[in-house]
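Colleague: model the following, please.
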Amino acid sequence: MPVLNERAYLEHAIASVLEQQLDGPAELVLALGPSTDGTTELARRLAADDDRIRLVDNPDAHIPVGLNAAIRASRYPTIVRVDAHSELSPGYAQRALATLRRTGAANVGGVMRADGRTPFQKSVARAYNSPIGLGGGAYHGTTHEGEAESAYLGVMRRSVLEEVGFFDESIRRGEDWELNLRIRQAGHKVWLDPQLSVTYWPRESWWRLARQFRATGAWRGELVRRYGRSNGVRFFAPPALVLNVTLALIVAALQLTGVLAGIASAVASVVYLPLIAYVLLVIAMALQPGDGRSARERIWTLAVLPTMHLAWGAGFLVGVLRGARGTVDASRLGTQNTPLP
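Modeller: Numbers count the residues shown, from 1 in each chain. Next up is the predicted model:
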């Protein structure tokens, strides 16, 4: 479990791991980044109270670096990746191990069930759980079991991780997708079992959400530079939206200044049609009846969906054009800016 500034979530996340019922021995290795909110102190106190918890340092604060440090410090042949911002469902680990044995897969993952506590966080969670929000990735809600492109978190055979070289520490976001690509290229199976469920708590504010998605988009752009057509078509929808918005703004400026007029203006106005359709789609999702949402959640949906899509798409274009370089997901940082490399 890589950890950075997760004081509000860490104790529940750890409890959901330690409460898993397993037939053999297990441990939880935390890779501690340079938190500023008391997370490290909380982790040390929890480790002092339970000898199943072990701590390793992750001073770089990068997820793949922390994951590799924790994996190398661990002692058992199966690696269960967990997240400090999520909670495992009861029986998750036991079923995942059974699925590993049954399928012969190298990595088994389940479904991310996003949830929220505030109206904003609930609106983000709903977007996560919808094909409209995150493009319909299999682990965001499929009911079909079978081989998959990637796995959320993942329960992995250590021998396969050693074979393919662990996580790529040069990648800051999307490291799980890249690892699963190498696992599949090595001839192993990645398996999705929809009976496995993990509760995920999204970012708590608009600014943190925008920063997260901008960084994630930049690294997807970097992965497109590295792996090209191995990336699914759905990843190109948000950057297409950003380009459409940019083109529409240019056309509008030319029309307002009289540079575009008459038939040319009418033809150029076609650029507005996809945006009108997008706006109607967002409004329809916000107003969708029957799920008990409050008015505040519906209003937030009108801001959350465009934020996710435009921030991700803008980051993607930057990542494709110049690479992600040193882009980091700073959305976990508090007001005291935790230093990152």
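Colleague: by mean pLDDT, flag the weakest helix or strand of the protein.
Modeller: Lowest mean confidence among the helices and strands of the chain (mean pLDDT, DSSP states H and E): helix 131-134, at a mean of 87.
Colleague: what about the strands in the stretch 101-250 of the chain?
Modeller: 107-114, 146-147, 152-157, 190-200 (DSSP state E, counting those that start in this stretch).
Colleague: mind listing the helices for the stretch 101-250 of the chain?
Modeller: With DSSP state H, counting those that start in this stretch as the criterion, the stretch 101-250 of the chain has helices at 119-128, 131-134, 158-164, 175-185, 206-227, 237-256.
Colleague: looking at those helices, which is nearest to residue 323?
Modeller: Minimum separation from residue 323 across the helices of the stretch 101-250 of the chain (C-beta to C-beta) falls at helix 206-227, 5.5 Å. The way it works is simple: take the backbone N, C-alpha and C, and place the C-beta from them, glycine included.
Colleague: got a list of contacts for that closest one?
Modeller: 120, 124, 171-174, 177-178, 181, 202-203, 231, 235, 238-239, 303-304, 307-308, 311-321, 323-324, 327-332 (C-beta atoms under 8 Å, 6 or more residues apart in numbering).
Colleague: in it, what's buried?
Modeller: 208-224, 226 (16 or more other C-beta atoms under 10 Å).
Colleague: then stretch 10-20?
Modeller: 10, 13-14, 16-17, 20.
Colleague: among those residues, which are in helices?
Modeller: 10, 13-14, 16-17 (DSSP state H).
Colleague: next, format the residues you listed as JSON lines and append distance to residue 29 and pLDDT.
Modeller: Listed next are those as JSON lines, based on distance: C-beta to C-beta, whole Å; pLDDT from 0 to 100:
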{"residue": "10", "distance to residue 29": "14", "pLDDT": "96"}
{"residue": "13", "distance to residue 29": "13", "pLDDT": "96"}
{"residue": "14", "distance to residue 29": "11", "pLDDT": "97"}
{"residue": "16", "distance to residue 29": "16", "pLDDT": "96"}
{"residue": "17", "distance to residue 29": "11", "pLDDT": "97"}
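Colleague: what's the burial count for residue 228?
Modeller: 8 (other C-beta atoms under 10 Å).
Colleague: tell me how far it lies from residue 181.
Modeller: Counting by C-beta to C-beta, to the nearest Å, the gap between residue 228 and residue 181 amounts to 11 Å.
Colleague: now do residue 295
Modeller: Residue 295 is 43 Å from residue 181, by C-beta to C-beta.
Colleague: per-residue confidence for the nearest residue to residue 103 once chain neighbours are set aside?
Modeller: Spatial nearest neighbour of residue 103, excluding adjacent residues (C-beta to C-beta, 6 or more residues apart in numbering): residue 191 at 5.0 Å. For residue 191, the pLDDT comes out at 97.
Colleague: go on, residue 142?
Modeller: At residue 142, pLDDT is 68.
Colleague: likewise residue 331?
Modeller: Note on residue 331: pLDDT of 80.
Colleague: may I ask which helix or strand encompasses residue 69?
Modeller: Using DSSP states H and E, residue 69 maps to helix 63-73.
Colleague: got any ranges where the stretch 1-150 of the chain has weak pLDDT?
Modeller: The model of the stretch 1-150 of the chain has pLDDT under 70 over residues 135-142.
Colleague: buried deepest among the helices of the stretch 101-250 of the chain, which one?
Modeller: helix 119-128 (a mean of 23; mean count of other C-beta atoms under 10 Å).
Colleague: okay, the angle between that helix and helix 206-227?
Modeller: Between the axes of helix 119-128 and helix 206-227, defined by axes from the mean of the first three to the mean of the last three C-alpha atoms, to 10 degrees, the angle is 30 degrees.
Colleague: what about helix 119-128, distance to the chain center?
Modeller: 14 Å (C-alpha atoms, centre = their mean, to the nearest Å).
Colleague: same deal with stretch 261-270?
Modeller: 41 Å.
Colleague: ok, residues contacting that stretch?
Modeller: 251, 254-255, 260.
Colleague: same check, this time on stretch 290-299
Modeller: 119, 122-123, 126, 286-287.
Colleague: which helix runs longest in the protein?
Modeller: helix 295-322.
Colleague: distance between that one and the chain's centre?
Modeller: The answer for helix 295-322 is 14 Å, by C-alpha atoms, centre = their mean.
Colleague: now it: buried residues?
Modeller: Buried-residue list, helix 295-322, by 16+ other C-beta under 10 Å: 297-298, 300-302, 304-305, 307-320.
Colleague: residue 25: neighbour count?
Modeller: Residue 25 has 8 neighbouring residues, counting by other C-beta under 10 Å.
Colleague: any chance of the helices of the stretch 101-250 of the chain in JSON lines, with distance to residue 4 too?
Modeller: Output for these, formatted as JSON lines (distance: least, C-beta to C-beta, whole Å):
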{"stretch": "helix 119-128", "distance to residue 4": "19"}
{"stretch": "helix 131-134", "distance to residue 4": "22"}
{"stretch": "helix 158-164", "distance to residue 4": "22"}
{"stretch": "helix 175-185", "distance to residue 4": "15"}
{"stretch": "helix 206-227", "distance to residue 4": "13"}
{"stretch": "helix 237-256", "distance to residue 4": "26"}
